[in-house]
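Undergrad: got a sequence here, can you model it:
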Amino acid sequence: MLLKLCILYDCYSDDIPEVLVYSMEADLWRKVGVVVPGFIPNRWSINVFVKVSVHWLALKGPRIDYLCDSIMSFNMSDEVFSEIALPIYGNISYDRVHLSVSASGDSLCLCFFHFNDLWEVWLMKDYGVVESCIKQFTIAEAQISMLLNFMDNGDVLLVMESGNLVSCDPGNQQMKDLAICGPPSSFCGVSYTSSLILLDRGDEVLK
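TA: Numbering: from 1, shown residues only. Now for the predicted structure:
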């Protein structure tokens, strides 16, 4: 079981960011001597964990109009970076595309915002294969701040500009208020796997 955290640290400059990995078992941070292939737009991106790798939307160069052109990933096991070309629309402003994990948890979803208040959701059916991306559905709603996550029943969790968390059935576009509210930027969808492994004891199992 992987017991690591990873952060990219760029010191607020145009330099290639450094990589720090934290081992929960060893309880220490260490610098990883690998070359980061891209830059995170606006020094921030939602990270998505799929197939032992953390994924971010990325830029080829620093401050290039903040247009995302790739998905950058870091394998937490091998501690190496790789890139996946951003499909469908190529270069796009970082605030008009959202990266998420698929409902199955084994691939990626991309959500594109259009200025006519439409969100398009595309699924990468085969992980890492850009050509396998297919359009799943469109949501037409002017007040959506972010598509947060995809549920097993097919519904989508949405964060509204009002700060309300709602679920949406893409088939009939019906929305249900979940009575959870907060600043839109405070919401984050995280996938997880239940485990009895103790975080600070390697593969030792809780008995």
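Undergrad: looking at strand pairing, list the partners for Trp119.
TA: Phe113, Ile139 (DSSP bridges).
Undergrad: which stretches of the protein aren't confidently modelled?
TA: 1-17, 41-45, 61-67, 88-95, 191-193, 195-207 (pLDDT under 70).
Undergrad: mind listing what's buried in the helix or strand containing Cys111?
TA: Taking DSSP states H and E as the criterion, Cys111 maps to strand 108-114. The neighbour-count criterion (16 or more other CB atoms under 10 Å) identifies Leu108, Cys109, Leu110, Cys111, Phe112, Phe113 as the buried residues of strand 108-114. All C-beta spots, glycine's among them, are computed from the backbone N, C-alpha and C.
Undergrad: need those residues in CSV with distance to Leu59, can you?
TA: As requested, the buried residues of strand 108-114 are exported to CSV (distance: CB to CB, whole Å):
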residue, distance to Leu59
Leu108, 18
Cys109, 20
Leu110, 16
Cys111, 19
Phe112, 17
Phe113, 18
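Undergrad: from those, which is closest to His98?
TA: When these are ranked by distance to His98 (CB to CB), Cys111 comes first, at 4.2 Å.
Undergrad: so that closest one touches Arg96, yeah?
TA: No. Taking contacts as CB atoms under 8 Å, Cys111 lies outside contact range of Arg96: 9.4 Å.
Undergrad: which residues does Asn47 contact?
TA: With contacts defined as CB atoms under 8 Å, 6 or more residues apart in numbering, Asn47 is in contact with Val54, His55, Trp56.
Undergrad: return the angle between stretch directions for whichever strand or helix holds Val54 and strand 108-114.
TA: When secondary structure is defined using DSSP H and E, the element that contains Val54 is strand 53-58. Taking axes from the mean of the first three to the mean of the last three CA atoms, to 10 degrees, strand 53-58 and strand 108-114 form an angle of 20 degrees between their directions.
Undergrad: for strand 53-58, which outside residues touch it?
TA: The set of residues external to strand 53-58 that reach it, using CB under 8 Å, 6+ apart, is 6, 8, 37-41, 45-49, 68-76, 82-83, 86, 94, 97, 99, 108.
Undergrad: in helices, which of the residues you listed fall?
TA: With helices identified by DSSP state H, none of the entries of those belong to them.
Undergrad: beta partners for the residue nearest in space to the middle of the chain?
TA: A centroid search over the chain (CA atoms, centre = their mean) returns Val48, at 3.2 Å, as the residue closest to the centre. With DSSP bridges applied, Val48 shows beta-bridge pairing to His55.
Undergrad: which one of the buried residues of strand 108-114 is nearest Val129?
TA: Within the set of the buried residues of strand 108-114, Leu108 lies nearest Val129; the separation is 10.6 Å, counting by CB to CB.
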